[in-house]
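Novice: predicted coordinates and the sequence they were generated for:
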Amino acid sequence: MAENTPKYFIDTTYGERLDSNGYAPSLLSDDDSCYFGHGLQTVRHEVFFGPNRTNSKRTGMWVYVCTLCHNEIHHTDGEKDRRLKREAQEAFEKVRSHEDLIAIFGRSYT
Ligand SMILES: [Zn+2]
Ligand SMILES: [Zn+2]
């Protein structure tokens, strides 16, 4: 990467400042420990994954989770997935609105 490449750029659709990987700042957490309180190695998880993965990145709907929690969310623990979606929706609606949530993600999780 060239030295003068900007580290961040502004997403004109949602007005968020994205990092070089396309992530707006998370609305759910501001550190890189597991969202569910574990101290293990973490990965970024897009809360509304699948077809809404990019929208999740661009609106801060992502968290760091440990690899154990990540596996549970995607494969074995639907309640953990639903809890995260509910909490993300609440965080989203505090800074935007319910109408925006439906417009962007297509449904409500509360
Ligand atoms: Zn994930
Ligand atoms: Zn965890």
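Specialist: Looks like it came in fine. Ligands and ions are numbered 1, 2, ... in the order given.
Novice: can you pull out the strands in the chain?
Specialist: 8-11, 16-19, 42-46, 62-66 (DSSP state E).
Novice: from Ser108, how far out is Thr12?
Specialist: For Thr12, the distance to Ser108 equals 26 Å [C-beta to C-beta, to the nearest Å]. Every C-beta, even on glycine, is put in place using the N, C-alpha and C of the backbone.
Novice: I'd assumed Tyr64 was in contact with Phe36.
Specialist: No: counting by C-beta atoms under 8 Å, Phe36 does not reach Tyr64; the two are 10.0 Å apart.
Novice: would TSV of the strands of the chain with mean pLDDT, distance to Ser97 and mean neighbour count be doable?
Specialist: Converted to TSV, the strands of the chain look like this (pLDDT from 0 to 100; distance: least, C-beta to C-beta, whole Å; neighbours: other C-beta atoms under 10 Å):
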stretch	mean pLDDT	distance to Ser97	mean neighbour count
strand 8-11	91	18	13
strand 16-19	95	15	15
strand 42-46	97	21	17
strand 62-66	97	20	23
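Novice: dump those into a markdown table; add distance to ligand 2 as well.
Specialist: Output for the strands of the chain, formatted as a markdown table (distance: least, C-beta to the ion, whole Å):
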| stretch | distance to ligand 2 |
| --- | --- |
| strand 8-11 | 28 |
| strand 16-19 | 22 |
| strand 42-46 | 8 |
| strand 62-66 | 3 |
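Novice: please produce JSON lines containing those, extended by distance to Glu93.
Specialist: Below are the strands of the chain laid out as JSON lines (distance: least, C-beta to C-beta, whole Å):
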{"stretch": "strand 8-11", "distance to Glu93": "19"}
{"stretch": "strand 16-19", "distance to Glu93": "16"}
{"stretch": "strand 42-46", "distance to Glu93": "18"}
{"stretch": "strand 62-66", "distance to Glu93": "17"}
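Novice: out of the ones you listed, flag the one nearest Ser56.
Specialist: Among the strands of the chain, the nearest to Ser56 by C-beta to C-beta is strand 42-46 (3.8 Å).
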